[in-house]
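Peer 1: The sequence and its predicted three-dimensional model are supplied below.
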Amino acid sequence: MTIDTEEMEIKAVLEAVRKGHHDKDAAAIGAQYTPDAVIFDLAPPLAHMADVSGLAAWLDTWEGPVGLEERDLTIEVSGGLAFCHGLSKVSATTKIDGQRAQWWQRKTVCLRRTEGAWKIVHEHASVPFYMDGSYRAAIDLEP
């Protein structure tokens, strides 16, 4: 298999995650992860395993689709492992008060070829925060 083919397959996994967010389909998103995938994302706890029911509950806090826009994505493939990093813009409308929320986050995704298919085994998302003592998330940053 060529690197180009592997990169296309990995991009298809990431696209399935994006589409799952847009469609608010937690099961479709969860299908892209291995059962033992470790996730470091924005919400507590510090680390957790892929959790379709928790993801479904989070998706349900938004009105309409949850948008994901990837930018500056780099994919490195070595054998049966792949490492991706870039920026991801999340955008959605809150159910509580109809406010539009959006932020850019840093994203790292690691995949492993398992039974002939690429699956996410690790994901890390972070938002920088201001180092001025306020600890405010810097959701106003743009690339």
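Peer 2: Received, thanks.

Peer 1: what's the longest helix along the chain packed up against?
Peer 2: Counting residues, the longest helix in the chain under DSSP state H turns out to be helix 3-23. Counting contacts by 3 or more C-beta pairs under 8 Å, 6 or more residues apart in numbering; DSSP states H and E, helix 3-23 is packed against helix 26-30, strand 62-78, strand 81-94, strand 100-114, strand 117-126. Every C-beta, even on glycine, is put in place using the N, C-alpha and C of the backbone.

Peer 1: same thing but 7 Å
Peer 2: Helix 3-23 is packed against helix 26-30, strand 62-78, strand 117-126, with contacts defined by 3 or more C-beta pairs under 7 Å, 6 or more residues apart in numbering; DSSP states H and E.

Peer 1: contact partners of the shortest one?
Peer 2: With C-beta atoms under 7 Å, 6 or more residues apart in numbering as the test, helix 26-30 has contacts from 16, 17, 20, 21, 50, 52, 55, 56, 59.

Peer 1: same thing with stretch 131-143?
Peer 2: 71, 72, 87, 103, 104, 127, 128, 129, 130.

Peer 1: Just name the closest of these to residue 121, please.
Peer 2: Closest approach to residue 121 among those (C-beta to C-beta): residue 87, at 21.0 Å.

Peer 1: What is the nearest of the contacts of stretch 131-143 to residue 4?
Peer 2: Closest approach to residue 4 among those (C-beta to C-beta): residue 72, at 19.1 Å.

Peer 1: that older thread, and the helices and strands packed on helix 3-23: which comes nearest residue 2?
Peer 2: It's strand 62-78; of the helices and strands packed on helix 3-23, that one is closest to residue 2 (C-beta to C-beta) at 9.8 Å.
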